[in-house]
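Peer 1: sequence unknown, structure follows:
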């Protein structure tokens with residue numbers, strides 16, 4: 001008989017007790033060496049930015065990873081589950097401006113606070129591998145990688161049009177501009193500026209990054225599609241139109257002519273080109289406007305229109321305007337003379353900044369030609385309608401050429417090949433593959449980031465350009481005391497002690513680069529550093545990294561699909577080519593969790609709708625907060641925050657507490673007893689248990705429906721509690737009670753670790769529950785003896801019948817026809833047909 005006195009579930013007492021024990025055992029969550037013989041499992045959530053405080057959106061993300069890590073520990077894997085801090089970034093500088101607190105001090109204080117919150121939530125991180133990207137022992141390796149890329153020609157400096165956020169007072173990469181606005185400041189319009197910047201040549205890996213997506217079968221298709229679109233591969237032809245010379249005696253063809261190179265994916269339509277259009281910033285436009293003030297004014301207006309459209313975040317929907325230059329270009333295939341226009345919808349940084357306009361077979365060109373009265377020529381017709389002209393524009397590539405000289409009658413595909421051959425043979429073009437992806441601009445005019453390790457000689461080596469800092473001088477340290485403003489470029493430029501140095505080549509005076517690196521550099525390789533976080537001689541040990549990589553499960557938000565995730569894939573390939581690693585991809589599987597929504601918006605500090613986990617822990621306990629974040633919605637869907645739900649989960653955990661502590665003495669008594677073959681109630685309870693084990697195990701292996709896992713545990717608890725009287729009367733043998741409660745506790749372990757640790761001890765277990773084997777489902781015990789099968793009449797549900805689980809079709813039909821409800825419905829009617837789906841359905845067709 002169970003004891004009558006029941007203790008109240010008190011997470012405020014239980015949780016700190018176990019957190020102290022766990023903190024005193026550094027080996028508990030530590031990864032073991034490769035020699036341990038266990039299969040490895042590297043589970044990782046994207047490292048957080050230490051902005052100040054965790055909110056429940058963070059808790060959901062890290063609870064997913066923690067549940068998975070705990071499950072894999074219990075499955076006998078050697079688990080790596082680390083944590084660190086993406087600690088450089090703009091908010092620290094803004095805080096310094098607002099609160100007069102140095103960025104380092106502000107950042108480290110936030111890290112301490114967030115680390116305390118993680119501890120209070122009971123997260124199972126290996127803090128021995130903790131890294132902080134703003135500390136020199138980490139960012140020195142950012143600099144080391146930069147120097148290796150500079151040596152390989154992958155880091156270079158050029159003047160370029162860049163995205164400038166006025167509020168950040170710094171440059172943004174293309175990927176950091178969202179709908180024309182800054183990714184951090186969603187209402188701040190991004191401007192275009194001409195600056196000398198450092199770039200990483202990510203385009204050198206464009207095709208490989210694209211091809212690699214097909215192998216990432218464990219990544220969401222949405223993320224892979226977003227990356228494919230961002231990389232933006234186009235296969236076509238570059239063709240040179242020739243600028244018609246002006247003046248007496250000029251010829252329209254011949255060597256030495258100025259060429260206007262265009263890129264087209266439809267060279268088969270080139271005989272339908274009726275104009276050449278240039279971007280307003282094209283070099284030829286500058287030459288045309290130099291002696292034509294009226295044209296210059298018109299082109300300036302086009303540039304202003306582009307700027308406004310870019311600022312509105314809808315450049316693709318710009319109202320199309322253009323101006324004729326009065327100049328002409330010659331089509332190299334047929335010598336046709338076509339006018340040169342400048343158009344606001346042609347972009348200087350896309351393709352060559354020039355296009356051939358074929359209004360008969362391009363919707364955008366058709367719109368432009370119709371507006372300005374340019375000729376529209378048909379050069380493609382459908383294969384089966386070649387004799388008759390077709391309504392234009394005709395956009396399909398399933399056609400044959402007309403009005404195209406010697407190429408008439410060829411299919412579009414045939415013509416493309418032959419026209420490319422002619423261009424190559426005539427030295428006026430070539431097949432070409434282009435990418436939307438641009439090189440990664442990594443210069444930032446900010447203080448709180450990794451200093452770029454380059455210097456500029458002001459003595460004998462002035463003509464040599466930027467020079468790398470010698471490796472033995474790394475890290476180039478950030479000065480700690482500095483005045484931060486958002487005026488006049490990088491704050492580092494106003495620190496003589498930082499700027500002034502000596503030339504590594506001649507020893508003369510030199511100045512340091514004062515831009516710092518984009519903070520996405522920090523997060524592009526951090527997960528490799530976790531494997532060897534204290535290495536002072538290299539970024540990491542290659543053999544150790546090879547054991548752990550690729551990451552088995554990476555977890556984070558889909559908003560990083562074309563920022564962090566594409567940069568980290570690039571960085572992995574660079575490290576591979578440097579000989580540091582052998583893998584091509586950083587992560588085998590990627591999971592993108594849904595957001596936590598409150599008051600109709602994503603939970604975030606900027607929206608002012610955050611819920612602090614500290615408040616939830618104080619009211620309901622960490623286990624309730626964690627379990628609710630996994631129970632309220634499937635992990636890949638958005639979760640609509642409801643505090644009542646946390647309270648409900650807390651009540652459920654209290655039920656588990658009462659049930660387990662009440663019958664723990666009976667369970668302990670069953671230890672060592674010989675279990676008899678289960679029957680009756682015991683068999684029923686064990687069947688439900690083993691069905692639950694099978695379901696949760698299956699979910700952890702792929703589906704990740706943690707909400708239904710927790711719901712299944714709730715159903716199991718309900719079934720055990722429904723037998724409370726029989727349990728109290730001793731009708732269920734102690735070995736069965738032991739198996740029920742022990743397995744219940746183990747199933748709950750990934751979700752509510754504090755409660756489980758306490759109940760595990762209550763059941764008389766001495767080892768850590770984290771090292772207890774995950775329960776195995778017995779298929780025979782899980783099998784139902786009877787099934788409930790729905791019965792329909794003419795497709796409408798009438799009743800359900802209970803039959804043996806192995807009942808054949810004849811038995812099912814007989815049971816359905818014998819049912820009283822069925823008999824009353826078919827009286828005086830004829831059963832025309834009986835449809836039986838074994839174990840699933842009986843449908844009677846009657847008249």
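Peer 2: Good, I have the coordinates. In this text, all values refer to a predicted model and were calculated from it rather than measured experimentally. Numbers count the residues shown, from 1 in each chain.

Peer 1: what's the host helix or strand of residue 228 in contact with?
Peer 2: Counting by DSSP states H and E, the element that carries residue 228 is helix 221-231. For helix 221-231, the external contacting residues (CB atoms under 8 Å, 6 or more residues apart in numbering) are 175, 206, 209-210, 213, 216, 435-437, 558, 561-562, 565-566, 590, 592. (C-beta placed from N, C-alpha, C; glycine too.)

Peer 1: give me the number of residues near residue 267?
Peer 2: Neighbour count of residue 267, defined by other CB atoms under 10 Å: 26.

Peer 1: In contact with it, which residues?
Peer 2: The neighbours of residue 267, taking CB under 8 Å, 6+ apart as the test, are 236-237, 239, 415-416, 419-420, 423, 429.

Peer 1: Without its sequence neighbours, what residue ends up closest to it?
Peer 2: Spatial nearest neighbour of residue 267, excluding adjacent residues (CB to CB, 6 or more residues apart in numbering): residue 237 at 4.1 Å.

Peer 1: ditto for residue 276
Peer 2: Nearest non-adjacent residue to residue 276, counting by CB to CB, 6+ apart: residue 329, 4.5 Å away.

Peer 1: Can you classify that neighbour as helix, strand or coil?
Peer 2: strand (DSSP: H, G, I helix; E, B strand; the rest coil).

Peer 1: Just to check, it is in contact with residue 278?
Peer 2: No - judged on CB atoms under 8 Å, residue 329 makes no contact with residue 278 at a distance of 9.7 Å.

Peer 1: Please enumerate the shared neighbours of these two.
Peer 2: Common neighbours of residue 329 and residue 278, counting by CB under 8 Å, 6+ apart, are 260, 340.

Peer 1: From the contacts of residue 267, which land in helices?
Peer 2: 415-416, 419-420, 423 (DSSP state H).

Peer 1: Pull the most distant pair out of those residues.
Peer 2: 415 and 423 (12.1 Å; CB to CB).

Peer 1: between the two, who's got more neighbours?
Peer 2: More neighbours surround residue 415 than the other of residue 415 and residue 423, with 25 against 21 (other CB under 10 Å).

Peer 1: so how far is residue 236 from the closest residue to the more buried one other than its chain neighbours?
Peer 2: Closest residue to residue 415 apart from its sequence neighbours, by CB to CB, 6+ apart: residue 268 at 4.1 Å. Residue 268 sits 10 Å away from residue 236, taking CB to CB, to the nearest Å as the criterion.

Peer 1: Who has more neighbours out of those two?
Peer 2: Ranked by neighbour count (other CB under 10 Å), residue 268 and residue 236 place residue 268 first, with 30 against 18.

Peer 1: Next, the contact list for the more buried one, please.
Peer 2: Counting by CB under 8 Å, 6+ apart, the residues that residue 268 touches are 379-380, 397, 401, 407, 410, 412-413, 415-416, 419.

Peer 1: what's the answer for residue 704, then?
Peer 2: Neighbouring residues of residue 704 by CB under 8 Å, 6+ apart: 64, 591, 634-636.

Peer 1: can we see that at 10 Å?
Peer 2: Counting by CB atoms under 10 Å, 6 or more residues apart in numbering, residue 704 makes contact with 64, 67-68, 553, 555, 591, 593, 630, 634-636.

Peer 1: Name the nearest of these relative to residue 40.
Peer 2: Using CB to CB, residue 553 comes nearest to residue 40 of these, at 11.9 Å.

Peer 1: can I assume that closest one is in contact with residue 592?
Peer 2: No - contact status for residue 553 versus residue 592: not in contact, 11.9 Å apart, counting by CB atoms under 10 Å.

Peer 1: list the contacts for residue 834?
Peer 2: So residue 834 contacts 809-810, 812-814, 816-817, 842-846 (CB under 10 Å, 6+ apart).
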